[in-house]
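**Q** Can you look at this prediction? I've put the sequence above it.
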There are 2 protein chains.
Amino acid sequence: MHLENVVIELSKKASSAARKLAIVPTHVKDEALKKSANNLRQKEATLLGANEDDVRRGRSNGLSTAMLDRLTLTKQRIEDMAEGLERIAVLPDPVEETISTVKRPNGLEIKHVRVPLGVVGIIYESRPNVTADAAGLCVKAGNAVILKGGSEAFKTNGAIVDALDDGFREAGLPDGVAQLVRSTDRRAVSLLLEQDRFVDVIIPRGGEELIREVTRSSSIPVIQHFSGLCHIYVDEYADVLKAIRLCMNAKVQRPWVCNAIENLLVHEAVAKSFLPDCVRQLEDNGVEVRGCDKVVRLVPHAKRAETKDWTTEYLDKILSIKIVDSIEEAIEFINSVGSGLADAIVSESYTRCRKFLREVDSATVYANASTRFTDGYEFGFGAEVGISTNRLHARGPMGLRELTTGKYVIYGDGQIRE
Amino acid sequence: MHLENVVIELSKKASSAARKLAIVPTHVKDEALKKSANNLRQKEATLLGANEDDVRRGRSNGLSTAMLDRLTLTKQRIEDMAEGLERIAVLPDPVEETISTVKRPNGLEIKHVRVPLGVVGIIYESRPNVTADAAGLCVKAGNAVILKGGSEAFKTNGAIVDALDDGFREAGLPDGVAQLVRSTDRRAVSLLLEQDRFVDVIIPRGGEELIREVTRSSSIPVIQHFSGLCHIYVDEYADVLKAIRLCMNAKVQRPWVCNAIENLLVHEAVAKSFLPDCVRQLEDNGVEVRGCDKVVRLVPHAKRAETKDWTTEYLDKILSIKIVDSIEEAIEFINSVGSGLADAIVSESYTRCRKFLREVDSATVYANASTRFTDGYEFGFGAEVGISTNRLHARGPMGLRELTTGKYVIYGDGQIRE
């Protein structure tokens, strides 16, 4: 079949499966997730074999060591995928959850409930565990999913979807709830992005370039997760020890994640008592510090920050530090150069905290806590579909609820409009 | 200035105004709305003069009588606009409303609050009252608004925005919260749709062609309001008198609105006792009935429905009627041909109602009430920004809350992530 027809047929099938899946009872979906988890374990040898082929091809195609590592399946990674599905199975089902109810003067009872979004398209790069994770989350929230993984994981993803699908069908889910676009042709992605009649939302998981490319060519709404350029602002009234602990955590614990900080802003009045100690601890942990003129004066061996340092997400042990005159300057700076993902103030002043929390326009704003908590699990969602930097539909960490939409159910007794 | 620069400057200004407006206290916004309402009244002569110019130009350009009527301002219509703004002023402010709060085991308190979307672009056709209404709703929800009206209302819209703007500035709102794209050049719309760095959402208000065109060329998310192809299904267990009353209301009261019904589905078992009476009443009220074969057999003078009748939103006194064998057939039909806006079942059976309400995939689903209630005011929102047929962000009638997004505010005491 022609590639275009393959993608259309698959999208149609997903759309029809989604309508059926939307009303499947929770216990059936949970059973399906558990069965597919067990299937992954039972098909371990098949999965490892398929993965070996991909890794061999990747190596001869010159994939980097880091990419090969991301691609490689192990027994442990298969077990992790299976356990991930089992964890999704025990989460509360968001479908038909009531958002609000209102009784109107004419007696109409209007209930706003959650219903599945429909068909979710996931476009992702090499890590094959996304296949099981994304499929599990989508299906739990009653959505059909179309997966398009990287071509380097072609066989691995195919084997994973086969294992999941067997489990889903065994439990009685409609055919086609989780499908993989089985093509390494690059046009497959653009064809998928044209299926706005059948696909309701696209979630790209990968680097900024992938997300930009998908957004540019999609006629379907895209939930984006762009870079995280996060800040801590250490206020004049900061508890200095607390501030050092928070900066260390936000920079050093996992510097390569989106909610780690890239810039540190320090109020002038606290710079002397805070910065030298903080910089020493950061440097002891391998962080390279780059500073504005004032910082360089205070910490003479620090490198001078260039313009691009303030707007670059290094995802590495590099931190740019700026001394500011006021909280207003800090807020203005964060709202201008930040990515609106996660920003924190450290201050014992009630008024300063309140001002920062209200005026910083980010998805997650913190008073006296590490930006590293911007995460679906840390927020208590029990899962993470991604972290949205969109303003519409979902903003910030996304759980199962963000994979649903609303529907108004209205109970009447013959009411007509006058 | 070059048109492109005009649009960019205006968008930048809106973006900067939005950030300031986001934290303006409710009472200041309400005062601004009241002042602008009074300004509309005081500038009555100016508005009528500008409108006269537009109407004269429209007449010589051959606008239809209907379009000229929509375009024409009267003293009453100006008063209606002013009262509309005053009604918005007394509505509750959605900004900083708490959506949910959770306390995490580590002591973090996470509050999910509503914040303004940012900059809203409204693209609309001739009716000039949209100018005041849209600006008022956007500003109340803390958003800056960019208005692009039809060129036939160029002077009228300009005069309205001038009057509003004076009121807004008098009350101390930041400069640029409500701006009009003052150009009749068609490229102005496409230029606006490219400003995704500054504009957060586009809401087109007008016909299907306008919405499709805007969606096609926009790099900014678009909230769509497509057609309403609504149904009533009269079940085997319907109360026949109730069913007739509901069908009459949903078809006859205002046949030209999106939540009026276009198709009526009737269960075979109730067709004989229900249809002849219902059709007679509809015809007495000027409705032309078109039916499937079975309907034509029962109501011999009825016209036979053609394929396109089932999928056409006539917005007129035309109703297509189909006899179905089962509720399953009705649900399948509605989910296939309907627009997912508003659909109703008439039945005294608990199980049938429950099935219909769960399985019909529409923004608003009714048991024993008229589809005509799909409306922001009837839902108790106090206002209506539009009715979204999108699945993401907002679905169904949109009030002020749908002009906001969320933000997570996290209160800590030095928590770090382990």
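**A** Arrived safely, thanks for sending.
**Q** A:S126 sits in which helix or strand?
**A** Under the criterion DSSP states H and E, no helix or strand holds A:S126.
**Q** residues touching it, list them.
**A** Counting by Cβ atoms under 8 Å, 6 or more residues apart in numbering or on different chains, A:S126 makes contact with A:M67, A:R70, A:L71, A:G149, A:G150, A:E152, A:A153. For the C-beta atoms, the positions are set from N, CA and C on the backbone; glycine is no exception.
**Q** What does the pLDDT read for the residue nearest to the third one when sequence neighbours are not counted?
**A** Counting by Cβ to Cβ, 6 or more residues apart in numbering or on different chains, A:L71 lies nearest to A:S126, which is 5.0 Å off, once chain neighbours are set aside. As predicted, A:S126 sits at a pLDDT of 70.
**Q** Which two of the contacts of A:S126 have the greatest separation?
**A** The span of the contacts of A:S126, defined through Cβ to Cβ, is set by A:M67 and A:G149 at 13.4 Å.
**Q** more crowded one of these two?
**A** Ranked by neighbour count (other Cβ atoms under 10 Å in any protein chain shown), A:M67 and A:G149 place A:G149 first, with 26 against 16.
**Q** ok and the residue in the stretch 201-350 of chain A nearest chain B?
**A** Here the stretch 201-350 of chain A gets closest to chain B at one residue, A:N249, 3.6 Å apart by Cβ to the nearest Cβ.
**Q** Kindly tell me how buried that residue is, as a neighbour count.
**A** Neighbours of A:N249 using other Cβ under 10 Å come to 23.
**Q** Just give the closest residue to it, not the sequence neighbours.
**A** Per Cβ to Cβ, 6+ apart, closest to A:N249 is B:I416, 3.6 Å.
**Q** and that neighbour, what are its phi and psi?
**A** Main-chain dihedrals, B:I416, degrees, to the nearest 10: phi -120, psi 160.
**Q** before we move on, the earlier item: got a list of what the residue of the stretch 201-350 of chain A closest to chain B touches?
**A** Contacts of A:N249 by Cβ under 8 Å, 6+ apart are A:S370, A:R372, B:I416, B:R417.
**Q** Neighbour-wise, which one of these leads?
**A** Greatest neighbour count in the contacts of A:N249, by other Cβ under 10 Å, goes to A:S370: 31 neighbours.
**Q** residue contacts, that one?
**A** Per Cβ under 8 Å, 6+ apart, neighbours of A:S370: A:L246, A:N249, A:A250, A:A344, B:G412, B:Q415, B:I416, B:R417.
**Q** mind running it again at 10 Å?
**A** When contacts are counted by Cβ atoms under 10 Å, 6 or more residues apart in numbering or on different chains, A:S370 touches A:230, A:232, A:245-251, A:253, A:259-261, A:342, A:344, A:346, A:378, B:108, B:410, B:412, B:414-417.
**Q** Can you name the element that comes right after the helix or strand of chain A with the lowest mean pLDDT?
**A** Between all helices and strands in chain A, the lowest mean by mean pLDDT, DSSP states H and E belongs to helix A:208-217, at a mean of 90. For helix A:208-217, the succeeding helix or strand toward the C-terminus, using DSSP H and E, is strand A:230-234.
**Q** Each with direction, which strands does that following strand pair with?
**A** If you go by DSSP bridges, strand A:230-234 pairs up with strand A:261-267 (parallel), strand A:342-346 (parallel).
**Q** C-terminal to the last one, what's the next element?
**A** Looking back up the chat, that one is strand A:342-346. Note on strand A:342-346: by DSSP H and E, the next helix or strand toward the C-terminus is helix A:350-359.
**Q** From A:N38, how far off is A:H27?
**A** 17 Å (Cβ to Cβ, to the nearest Å).
**Q** Looking at these two, which is more packed in?
**A** With neighbours defined as other Cβ under 10 Å, A:H27 and A:N38 compare such that A:N38 has more, 16 against 11.
**Q** pretty sure the more buried one contacts A:M81?
**A** No: between A:N38 and A:M81 there is no contact under Cβ atoms under 10 Å: 11.6 Å.
**Q** so what sits against both of these two?
**A** Joint contacts of A:N38 and A:M81 (Cβ under 10 Å, 6+ apart) are A:A163.
**Q** just checking, what packs against the lengthiest helix in chain A?
**A** With secondary structure taken from DSSP state H, chain A has its longest helix at helix A:3-21. Judged by 3 or more Cβ pairs under 10 Å, 6 or more residues apart in numbering or on different chains; DSSP states H and E, helix A:3-21 is in contact with helix A:26-42, strand A:109-116, strand A:119-124, helix A:129-140, strand A:144-148, strand A:178-180, helix A:187-192, helix B:327-337.
**Q** let's see it at 6 Å
**A** strand A:119-124, strand A:144-148, helix A:187-192 (3 or more Cβ pairs under 6 Å, 6 or more residues apart in numbering or on different chains; DSSP states H and E).
**Q** A:A342 pairs with what?
**A** Beta-bridge pairing of A:A342 under DSSP bridges involves A:T364.
**Q** repeat for the one 4 residues further on
**A** The bridge-partner assignment for A:V346, based on DSSP bridges, gives A:V234.
**Q** How many residues are close by it?
**A** 32.
**Q** moving C-terminal of the strand or helix carrying A:L282, what's the next helix or strand?
**A** Following DSSP H and E, one finds A:L282 within helix A:268-284. The C-terminal neighbour of helix A:268-284 among helices and strands, as given by DSSP H and E, is strand A:288-291.
**Q** pLDDT on stretch A:302-313, on average?
**A** pLDDT averaged over stretch A:302-313 gives 95.
**Q** so, in contact with chain B or not, that stretch?
**A** No: using Cβ under 6 Å from any Cβ of the partner chain, stretch A:302-313 stays clear of chain B, coming no nearer than 14.0 Å.
**Q** Please work out which residues outside that stretch touch it.
**A** Residues outside stretch A:302-313 that contact it (Cβ atoms under 6 Å, 6 or more residues apart in numbering or on different chains): A:S227, A:L229, A:E262, A:V289, A:R290, A:G291, A:V295, A:V296, A:S320, A:V337.
**Q** Tabulate those residues (a markdown table), appending neighbour count.
**A** Formatted as a markdown table, the contacts of stretch A:302-313 follow (neighbours: other Cβ atoms under 10 Å in any protein chain shown):
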| residue | neighbour count |
| --- | --- |
| A:S227 | 17 |
| A:L229 | 22 |
| A:E262 | 27 |
| A:V289 | 24 |
| A:R290 | 20 |
| A:G291 | 24 |
| A:V295 | 24 |
| A:V296 | 17 |
| A:S320 | 25 |
| A:V337 | 13 |
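**Q** from these, which two are the most distant?
**A** A:S227 and A:V296 (26.3 Å).
**Q** about what we covered before: okay, angle between the longest helix of chain A and strand A:119-124 too, please.
**A** Inter-element angle recorded for helix A:3-21 and strand A:119-124: 130 degrees (by axes from the mean of the first three to the mean of the last three Cα atoms, to 10 degrees).
**Q** Please compute how far helix A:3-21 lies from its chain's middle.
**A** Put simply, helix A:3-21 sits 25 Å off its chain's centre (Cα atoms, centre = their mean, to the nearest Å).
**Q** Okay, buried residues for that helix please.
**A** Buried residues in helix A:3-21, counted by 16 or more other Cβ atoms under 10 Å in any protein chain shown: A:6-8, A:10-11, A:13-21.
**Q** Please render those residues as a markdown table that adds distance to B:Q195 and pLDDT to the earlier fields.
**A** Formatted as a markdown table, the buried residues of helix A:3-21 follow (distance: Cβ to Cβ, whole Å; pLDDT from 0 to 100):
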| residue | distance to B:Q195 | pLDDT |
| --- | --- | --- |
| A:V6 | 37 | 95 |
| A:V7 | 32 | 97 |
| A:I8 | 33 | 97 |
| A:L10 | 35 | 97 |
| A:S11 | 31 | 98 |
| A:K13 | 38 | 98 |
| A:A14 | 34 | 98 |
| A:S15 | 33 | 97 |
| A:S16 | 38 | 96 |
| A:A17 | 38 | 98 |
| A:A18 | 34 | 97 |
| A:R19 | 37 | 95 |
| A:K20 | 41 | 96 |
| A:L21 | 38 | 98 |
